[in-house]
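1. All I have is the shape, not the residue letters:
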């Protein structure tokens with residue numbers, strides 16, 4: 001009987017390997033049933049990685065997005081999976097153990113079936129605790145080996161690593177070929193060895209297309225006994241992303257494997273929907289170069305998904321490096337020459353830094369060190385003089401054990417700086433912190449959320465969560481979006497061309513205007529002790545409560561909220577003149593949950609005020625008694 005190969009659509013990574021952001025909750029709700037209708041996927045990657053952090057960055061609650069996206073797949077019998085970074089969980093730096101453990105409870109409750117646990121150093125100490133926590137929470141623990149190609153990262157290295165992970169409780173193994181530089185034959189050797197000893201262990205292969213090996217790699221993995229292949233679909237397949245399901249399905253079918261048929265009508269509908277999300281706003285953060293493959297990645301081993309940020313960094317340093325070279329009378333680089341110099345420098349220093357797998361966050365560390373070395377060279381300085389604390393943390397062992405050996409000059413530099421190397425368990429450096437976050441949320445009056453999901457999000461991404469809650473994240477995102485829209489419309493020139501009304505219509509299509517009933521001066525607050533200001537983005541107003549005031553010839557008139565709403569844009573600032581029918585602000589209707597939350601908050605404030613009032617009265621009576629006790633019956637001071 002022909003062996004069946006299953007497909008997983010990495011819808012989350014398709015976006016994050018192409019650009020920065022992921023679709024909104026409403027967009028995910030639209031695409032999910034169409035993906036199901038395609039009929040060829042047994043799994044879908046729905047969340048994890050940086051997706052939840054970027055949700056917060058554009059002002060959306062990631063918990064609601066995850067629940068919305070996973071629900072239809074569950075109903076259709078399709079498994080969902082997420083990416084997690086082991087010690088770093090869902091961020092770029094280490095996470096306390098209690099927060100990591102909570103993550104699996106929350107994600108399972110939200111509908112995520114499988115967690116793909118990886119460590120960029122392939123240190124089992126960073127992966128095995130997550131295996132145990134994930135299984136205890138009811139998830140499938142898929143332990144991940146980051147694939148790269150070096151003298152250290154041999155087939156034998158990976159076969160031994162797989163043994164450690166399976167002994168540690170892994171239920172599945174993933175080969176995460178994040179740069180797509182794993183050689184097909186080597187990948188086949190690894191898979192065959194694992195399957196020979198552990199035939200029941202599911203093996204899933206994840207490979208990027210950047211340098212061009214991925215199609216051959218998928219065939220070798222399938223022939224060696226692999227079970228599931230990660231694929232993408234247009235318009236976000238190929239380039240530096242992932243192979244398209246159409247090609248991989250046709251190749252495997254011809255090779256004699258059993259594969260599910262693709263409903264091409266649904267494929268084209270999903271393709272169209274995904275393109276509409278790109279056109280809506282996500283395309284403004286997609287670098288066109290990510291749609292191109294390049295064999296230049298074979299040597300340096302950098303993942304294609306980081307090429308956008310790499311090019312932005314390179315362009316930022318290009319002028320500074322050439323200015324230094326000009327002062328020294330040396331050859332100045334074109335952008336392409338500098339890019340090749342950067343790739344060569346990455347290739348040179350990578351083994352010197354212990355040969356970490358070039359995956360988040362270590363790919364950024366090595367790339368940054370290489371770029372800083374080029375800058376130092378242009379200044380006539382020694383290399384490795386500009387490494388940041390995060391880079392040193394990796395070198396000193398605070399993120400885990402490096403796969404290779406550090407170069408003697410790196411060790412000497414560390415000693416000269418008085419740094420100490422760490423060989424213990426990395427998790428021991430990051431103590432539990434959930435009690436702190438619980439106390440902080442209680443102090444702020446924030447709800448911990450369903451299944452403690454808001455507590456988790458706050459503990460995982462504190463800064464971004466605070467900015468999301470305040471409305472600052474949405475405001476900053478809107479400004480960035482408009483700048484990119486204006487730049488794109490003018491062929492790269494930053495020229496303002498959209499009116500405020502145009503901008504509001506683009507960013508807040510569901511908003512309603514708050515208009516001036518007559519001519520007057522806008523007053524946002526009636527505060528005679530402090531300066532008055534317009535409300536912050538997202539400020540909630542109850543129905544019939546004053547949103548602002550208008551000072552007219554006949555006096556001061558309150559302008560009331562037509563319904564429970566939140567402010568999404570201000571047209572008239574404090575003290576601005578308005579004529580009749582001028583738009584003062586734009587508001588969006590608040591949903592029932594927001595109304596309830598405001599009601600609870602209001603009730604809590606009333607209870608707090610009542611307690612303080614009672615306390616003040618008690619203090620007053622006590623003070624009276626104390627005062628009376630000072631005097632005798634004759635009115636004399638005792």
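-> That came in fine, so what should we check first? Quick caveat: nothing in here was measured; it's all calculated off a predicted structure.

2. Show me where the stretch 401-550 of the chain has its strands.
-> 512-515, 520-523, 540-541, 546-552 (DSSP state E, counting those that start in this stretch).

3. quick one: the shortest one to chain centroid distance?
-> Relative to its parent chain, strand 540-541 has a centroid offset of 29 Å by C-alpha atoms, centre = their mean, to the nearest Å.

4. what's that strand packed up against?
-> Applying 3 or more C-beta pairs under 8 Å, 6 or more residues apart in numbering; DSSP states H and E, one finds that strand 540-541 contacts strand 565-570. C-beta: built from backbone N, CA, C; applies to glycine.

5. average model confidence for the strand it packs on?
-> Strand 565-570 carries an average pLDDT of 88.

6. in its sheet, what does that strand sit against?
-> For strand 565-570, the paired strands and their directions (DSSP bridges) are strand 540-541 (antiparallel), strand 583-589 (antiparallel).

7. Residue 312 - how many residues pack around it?
-> Residue 312 is flanked by 10 other residues according to other C-beta atoms under 10 Å.

8. What residues sit buried inside stretch 405-412?
-> Going by neighbour count (16 or more other C-beta atoms under 10 Å), the buried part of stretch 405-412 is 406, 410.

9. All the helices of the stretch 101-250 of the chain, residue numbers only.
-> Using DSSP state H, counting those that start in this stretch, the helices of the stretch 101-250 of the chain run over residues 124-136, 155-167, 184-197, 214-223, 245-254.

10. Then the stretch 251-400 of the chain?
-> Here the stretch 251-400 of the chain has its helices, by DSSP H, counting those that start in this stretch, at 264-280, 297-300, 307-327, 335-349, 362-378, 389-395.

11. still on that earlier bit, want to throw the strands of the stretch 401-550 of the chain into a markdown table with distance to residue 77, mean pLDDT and mean neighbour count?
-> Shown next, in a markdown table, are these (distance: least, C-beta to C-beta, whole Å; pLDDT from 0 to 100; neighbours: other C-beta atoms under 10 Å):
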| stretch | distance to residue 77 | mean pLDDT | mean neighbour count |
| --- | --- | --- | --- |
| strand 512-515 | 42 | 88 | 17 |
| strand 520-523 | 56 | 94 | 20 |
| strand 540-541 | 40 | 90 | 20 |
| strand 546-552 | 48 | 93 | 19 |
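
12. So which of the ones you listed is nearest residue 110?
-> strand 540-541 (25.6 Å; C-beta to C-beta).

13. what stretches of the stretch 451-600 of the chain score poorly on pLDDT?
-> Along the stretch 451-600 of the chain, the parts satisfying pLDDT under 70 run over 492-509, 527-530, 591-600.

14. Report pLDDT for residue 406.
-> pLDDT recorded at residue 406 is 97.

15. how close does it sit to residue 369?
-> From residue 406 across to residue 369, the span is 13 Å (C-beta to C-beta, to the nearest Å).

16. so what's in contact with the two at the same time?
-> Here residue 406 and residue 369 have residue 353 as joint contacts, going by C-beta atoms under 8 Å, 6 or more residues apart in numbering.

17. Do I have it right that residue 248 meets residue 215?
-> Yes - Residue 248 lies in contact with residue 215 (C-beta atoms under 8 Å); the separation is 7.1 Å.

18. Those two: which is more packed in?
-> When residue 248 and residue 215 are compared on other C-beta under 10 Å, the one with more neighbours turns out to be residue 248, at 24 against 16.

19. Any figure for the gap between the more buried one and residue 212?
-> Distance from residue 248 to residue 212, by C-beta to C-beta: 15 Å.

20. And residue 22, by the same measure?
-> 26 Å.

21. wait, what's in contact with the residue lying closest to residue 101 once chain neighbours are set aside?
-> Nearest residue to residue 101, sequence neighbours excluded (C-beta to C-beta, 6 or more residues apart in numbering): residue 133, at 4.5 Å. Residue 133 is in contact with 100-101, 103-104, counting by C-beta under 8 Å, 6+ apart.

22. Take those residues and keep only those in strands.
-> With strands defined by DSSP state E, no entry of the contacts of residue 133 lies inside them.

23. Looking at the residues you listed, spot the one nearest residue 518.
-> Distances from residue 518 to those, taken by C-beta to C-beta, are shortest for residue 103, at 54.7 Å.

24. Tell me, how many residues neighbour that closest one?
-> Neighbour count of residue 103, defined by other C-beta under 10 Å: 28.

25. list the contacts for it?
-> If you count contacts by C-beta under 8 Å, 6+ apart, residue 103 has them with 84, 89-90, 133, 456, 460.

26. Could I get the residues you listed in TSV, plus columns for distance to residue 310?
-> Listed next are those as TSV, based on distance: C-beta to C-beta, whole Å:
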residue	distance to residue 310
84	24
89	24
90	22
133	34
456	31
460	26
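
27. May I ask which of these has the most neighbours?
-> Highest neighbour count within the contacts of residue 103, by other C-beta under 10 Å: residue 456, with 28 neighbours.

28. so how far is residue 16 from that one?
-> As judged by C-beta to C-beta, residue 456 and residue 16 stand 20 Å apart.

29. Next: residue 466.
-> Taken as C-beta to C-beta, the span from residue 466 to residue 16 is 23 Å.

30. So for these two, which residue has more residues nearby?
-> Neighbours per residue, other C-beta under 10 Å: of residue 466 and residue 16, the larger number sits with residue 16, 20 against 16.

31. can I assume that one is in contact with residue 48?
-> No - using C-beta under 8 Å, residue 16 is not in contact with residue 48; the gap is 9.9 Å.

32. give me every residue that touches residue 217.
-> Residues near residue 217 by C-beta under 8 Å, 6+ apart: 177, 180, 182-184, 187, 205, 207.

33. Out of those residues, flag the one nearest to residue 141.
-> For those, the minimum distance to residue 141 (C-beta to C-beta) is 17.6 Å, reached by residue 205.

34. I figured the closest one hits residue 172, correct?
-> No - the criterion here is C-beta under 8 Å, and residue 205 misses it with residue 172 at 11.5 Å.

35. More neighbours: the two, which one.
-> A count of neighbours by other C-beta under 10 Å puts residue 205 above the other of residue 205 and residue 172, at 28 against 20.

36. What residues are bridge-paired with the more buried one?
-> Bridge pairing for residue 205 - DSSP bridges - gives residue 175, residue 229.

37. Now do the contacts for it.
-> Applying C-beta under 8 Å, 6+ apart, one finds that residue 205 lies in contact with 174-175, 177, 187, 191, 217-218, 221, 226, 228-230.

38. Check residue 273 too.
-> For residue 273, the contacting residues are 27, 30-31, 34, by C-beta under 8 Å, 6+ apart.

39. how about the nearest residue to residue 266, chain neighbours excluded?
-> Closest residue to residue 266 in three dimensions, ignoring its sequence neighbours and counting by C-beta to C-beta, 6+ apart: residue 37, at 3.8 Å.

40. For the helix or strand encompassing the one you found, give me every contacting residue.
-> Secondary structure from DSSP states H and E places residue 37 in helix 25-38. For helix 25-38, the surrounding residues in contact (C-beta under 8 Å, 6+ apart) are 9, 11, 23, 41, 44, 60-61, 64-65, 68-69, 71-73, 76, 78, 262-263, 266-267, 269-270, 273-274, 277, 280.
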